[in-house]
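Peer 1: any chance you could fold what I've pasted below:
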Amino acid sequence: MQLRPEQLAAHLAKPLGQLYVLHGDDPLLTVEAGDALRAAARKQGFDDRTVLVVTPSFKWEELFHASGNLSLFGGRTLVDLRIPTGKPGRDGGEALQRYVRDLPADTLTLVTLPEMDWRAKKAAWFAALVEAGVGIECNAPPLAQLPQWITRRLAAQQQTAPAEALEFIALHVEGNLLAAHQEIQKLGLLHPPGALTLQQVSAAVLNVARYDIDDLRAALQARDAARCARTLEGLRAEDAAPPLVLWVLANEARQRMHRAALLHAARIDRIIKGLSRGDLWDECLQLALRLTRAST
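Peer 2: The predicted model follows:
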């Protein structure tokens, strides 16, 4: 069975299986899934826990020994096996295949791995683990799906945000779910349950930035061409994220319903993605100047 991280909570409300395999490219999701599994195991009577970390000197007999130990109090055991490199070696691969062929009774085994590439996923030992248990691939969602992920996280703390605010957070934290998690928690501390505004979100998120995107928005709204130029130069010097800069420019164009500016923003987006040639920052400046000259 394969599960996505967001499906895990519903699964853990039911009786647990004997084997779970965590792997993926995002540390936050992997840690959270592991913590949730361990908490569910405790609730379901797995009172004993043995942690095994596979190092170059690890002896695979320890895995069988840990699963064979009987609790003095008649409880059940959680074997928490961690393979940080994702490479158990030949002996380890054979041991894992032998282990899953006869999973021990009254034992829940949790195997935690890093991101596994397509070659690793074809390994016999990995295929045996996933076939015998429940596989949970903890990969960070792509940018297009990140707003939905943020929505679920906000909902967990009884907050909502408009689409433009979700997009703003996503662009700011793309590729770093731990940063996203921290920003969402910050919003929960700063504001009560309920609907958040774009202004509240941007103020909280940008409070930790070295550069100030809000200055660019203010310069655009004031139609201050000189200030726009200075701000963009500062953002460039600070290595500001181009998608975030474009977001401010495109949002201003959308609010004014300025079709020519929106087409220009689309061209900059293609440059950012490597689909078109051009000087990114010069194009941003030209778009900013277009917006300062445009009539309402």
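Peer 1: only C-alpha atoms from now on, for both contacts and neighbour counts.
Peer 2: Will do.
Peer 1: ranges for the strands of this protein?
Peer 2: Along the chain, the segments classed as strands by DSSP state E run 2-3, 19-23, 48-53, 77-82, 107-112, 134-137, 159-160, 194-195.
Peer 1: for residue 237, find the nearest of the ones you listed.
Peer 2: If you check each of these against residue 237 by Cα to Cα, strand 159-160 wins as the nearest, at 34.0 Å.
Peer 1: next one: that closest one to chain centre, how far?
Peer 2: A distance of 19 Å separates the centroid of the chain from that of strand 159-160, by Cα atoms, centre = their mean, to the nearest Å.
Peer 1: mean pLDDT added to the strands of the chain, as CSV?
Peer 2: Formatted as CSV, the strands of the chain follow (pLDDT from 0 to 100):
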stretch, mean pLDDT
strand 2-3, 92
strand 19-23, 97
strand 48-53, 93
strand 77-82, 95
strand 107-112, 96
strand 134-137, 96
strand 159-160, 97
strand 194-195, 96
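Peer 1: would you mind putting these into CSV with mean neighbour count and distance to residue 290 alongside?
Peer 2: As requested, these are exported to CSV (neighbours: other Cα atoms under 10 Å; distance: least, Cα to Cα, whole Å):
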stretch, mean neighbour count, distance to residue 290
strand 2-3, 14, 48
strand 19-23, 22, 48
strand 48-53, 16, 59
strand 77-82, 22, 55
strand 107-112, 22, 52
strand 134-137, 21, 45
strand 159-160, 20, 34
strand 194-195, 14, 34
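Peer 1: let's have these in TSV, adding distance to residue 255.
Peer 2: Below are the strands of the chain laid out as TSV (distance: least, Cα to Cα, whole Å):
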stretch	distance to residue 255
strand 2-3	40
strand 19-23	42
strand 48-53	54
strand 77-82	51
strand 107-112	47
strand 134-137	39
strand 159-160	22
strand 194-195	21
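Peer 1: what angle do the longest helix along the chain and strand 77-82 make?
Peer 2: Ranked by number of residues, the top helix in the chain under DSSP state H is helix 27-43. Relative orientation of helix 27-43 versus strand 77-82 (axes from the mean of the first three to the mean of the last three Cα atoms, to 10 degrees): 170 degrees.
Peer 1: relative to strand 107-112, how tilted is helix 27-43?
Peer 2: 170 degrees.
Peer 1: mind listing what's buried in helix 27-43?
Peer 2: 27-30, 33-34, 37-38, 40-41 (16 or more other Cα atoms under 10 Å).
Peer 1: likewise for stretch 243-254?
Peer 2: 243-250, 252-253.
Peer 1: before we move on, the earlier item: report all helices and strands that the longest helix of the chain contacts.
Peer 2: If you count contacts as 3 or more Cα pairs under 8 Å, 6 or more residues apart in numbering; DSSP states H and E, helix 27-43 packs onto helix 8-12, strand 19-23, helix 177-190.
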